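Participant: dropping the sequence and predicted coords here.
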Amino acid sequence: MESQQLGRMPYFYGPEGALVQVDFALEAVNRGSTTIGIRTDEYAILASQLKPTRALVDPAEKIYQIDEHLGATGAGYIGDVMKLIQELRLQAQKHRLTFDSPVDVKTASEELSSYLHQYTLYAVRPLGASIIIAGRDPLGLQMYQVDPSGTYFRGSGFAIGSGSERSLEVIQRGYKPNMPLEELVNLGTTAIKTVTQDESQIEFGLVSNTTSRFEKLTSPIPTVR
Amino acid sequence: MTTIVGILCKDGVVLSSDRRASKGFFIGSKITQKILRIDDSLAVAIAGQVSDAEYLVNAVRAERALVTLQRGYPLTVKETTKLISNVAYQGMKSYQPYFAEFIVAGVDATSPHVYVTDMSGSVSAENFVSSGSGSPIAYGVLESNYKENMTIEQARILGTNAVQAAMERDPGSGDGIDVVAIASALLIKEVKVA
């Protein structure tokens, strides 16, 4: 490791002022499965590629229900993704206990952001996972992306994981703020299929402006067999 | 001691109170303010130990400002009441209770609300409510004269009459009446979220 050659501890700034550990964490996210989020006037969808597994092994769940009105997905080390999902679920329930109201999407994202930020300050391994959060609150439909550095963005189109740059281009080209649901799901599918180029399954999550509820669109993992 | 009253109206909320602060059988102050402003859309009427009540109201005012900045829209009246009740409940459970009752009245994005919370941490939404040593007398007036969908002006008169009646016979209440009204029409545009 370059930083060790220079006699530096790897969790401090590199010679160029970069937080090397955080950069490596972002690199880990870029190796993850392709995962996207698109928000229109009426809907926000989350979609993630399910990595093909060995025979007889179910693929890991990638779209997560956080609360009635809130869902999330992630890319990177699946263990790290799960840890962040648990943190989100915990914060959502804590908010209900403290305020007797559902957490707003920005607050949930900021809680996650400050959790991740802690891992950039100390001699620990920053979590190698980015999360996309979508939900409905009194400010309307909202979508955020949170990175291992603790940085978060609010927006209408996000892509993380391997090939995310090309995937985001597809979304940017096809995006219309008023597109119907079917077209939106197709755009999400194309954005992922362009990059993965195989028959891997995609999991979808949807939150709509009218119902204010987040739900997984289809469960590709049969519950009874 | 004290008499405080909160009334929910169709166009806002009204709080009224007396001005007496008692120190046992001695009148400690004749100009006590028992209705505390949180911000333009919310006020709290307090009964009980003044120091405990003011401490909680100040803490909640700060928390409300922080949450508004962080999430981009203000706390609802219910959320604000819950903040007070959380601390009150913890106080009761750790044998160091806050000796106070609060009538939280205000207007949020949806509508006007009146909530009451006490030292046990319970929260309830009310159409009209009274607290303090004069409340049994005030309730006599409120029960026989409250109607649903009152205007602020009607509620102002009712609130004043209820506190006035209590001051006539309750030695813990007296020295004049304060009234605060918060009108939805003046606020709802400001408070309403985008």
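Facilitator: Yes, it's here.
Participant: can you pull the pLDDT of residue 184?
Facilitator: No chain specified, so I'll use chain A. Note for residue A:184: predicted pLDDT of 95.
Participant: was after chain B, sorry
Facilitator: For residue B:184, the pLDDT comes out at 88.
Participant: may I see the buried residues of the longest strand along chain A?
Facilitator: Looking across chain A with DSSP state E, the single longest strand is strand A:129-137. By neighbour count on 16 or more other CB atoms under 10 Å in any protein chain shown, the buried set for strand A:129-137 is A:129, A:130, A:131, A:132, A:133, A:134, A:135, A:136, A:137. From N, CA and C alone the C-beta is placed, and that goes for glycine too.
Participant: contact residues of chain A facing chain B?
Facilitator: Selection of chain A residues close to chain B by CB under 8 Å from any CB of the partner chain yields A:98, A:99, A:100, A:101, A:104, A:106, A:107, A:110, A:138, A:139, A:140.
Participant: now do residue A:114 against chain B, distance only.
Facilitator: From residue A:114 across to chain B, the span is 11 Å (CB to the nearest CB, to the nearest Å).
Participant: and that residue, what helix or strand is that in?
Facilitator: Here residue A:114 sits within helix A:105-118, counting by DSSP states H and E.
Participant: ok, now residue B:158?
Facilitator: Taking DSSP H and E as the criterion, residue B:158 maps to helix B:152-169.
Participant: which parts of that helix are buried?
Facilitator: For helix B:152-169, by 16+ other CB under 10 Å, it's B:152, B:154-167.
Participant: what's the neighbour count on residue 123?
Facilitator: This is for chain A. For residue A:123, the count of nearby residues is 9 (other CB atoms under 10 Å in any protein chain shown).
Participant: my bad, chain B
Facilitator: Considering only other CB under 10 Å, residue B:123 is surrounded by 19 other residues.
Participant: how about the closest residue to residue B:83 other than its chain neighbours, secondary structure?
Facilitator: Leaving aside its chain neighbours, residue B:83 sits nearest to residue B:60 (5.0 Å; criterion: CB to CB, 6 or more residues apart in numbering or on different chains). Reducing the assignment at residue B:60 to three states with DSSP: H, G, I helix; E, B strand; the rest coil gives helix.
Participant: ok, residue B:60 touching residue B:84?
Facilitator: Yes: using CB atoms under 8 Å, residue B:60 is in contact with residue B:84, at 5.5 Å.
Participant: tell me, what's touching these two both at once?
Facilitator: By CB atoms under 8 Å, 6 or more residues apart in numbering or on different chains, residue B:60 and residue B:84 have these common neighbours: residue B:44.
Participant: helix or strand right after the helix or strand hosting residue A:165?
Facilitator: Element membership for residue A:165 (DSSP H and E) is helix A:164-174. Downstream of helix A:164-174, the next assigned helix or strand under DSSP H and E is helix A:181-196.
Participant: how about that following helix: buried residues?
Facilitator: Buried, per 16+ other CB under 10 Å, within helix A:181-196: A:184, A:185, A:187, A:188, A:191, A:192, A:193, A:195, A:196.
Participant: try stretch B:58-77
Facilitator: B:60, B:61, B:63, B:64, B:67, B:71, B:73, B:74, B:75, B:76, B:77.
Participant: residue contacts, the nearest residue in space to the second one that is not next to it in sequence?
Facilitator: So the one you mean is residue B:61. Once flanking residues are discounted, residue B:61 sits nearest to residue B:38: 5.2 Å by CB to CB, 6+ apart. Contacts for residue B:38 were tallied using CB under 8 Å, 6+ apart; they are B:44, B:57, B:60, B:61, B:64, B:80, B:106.
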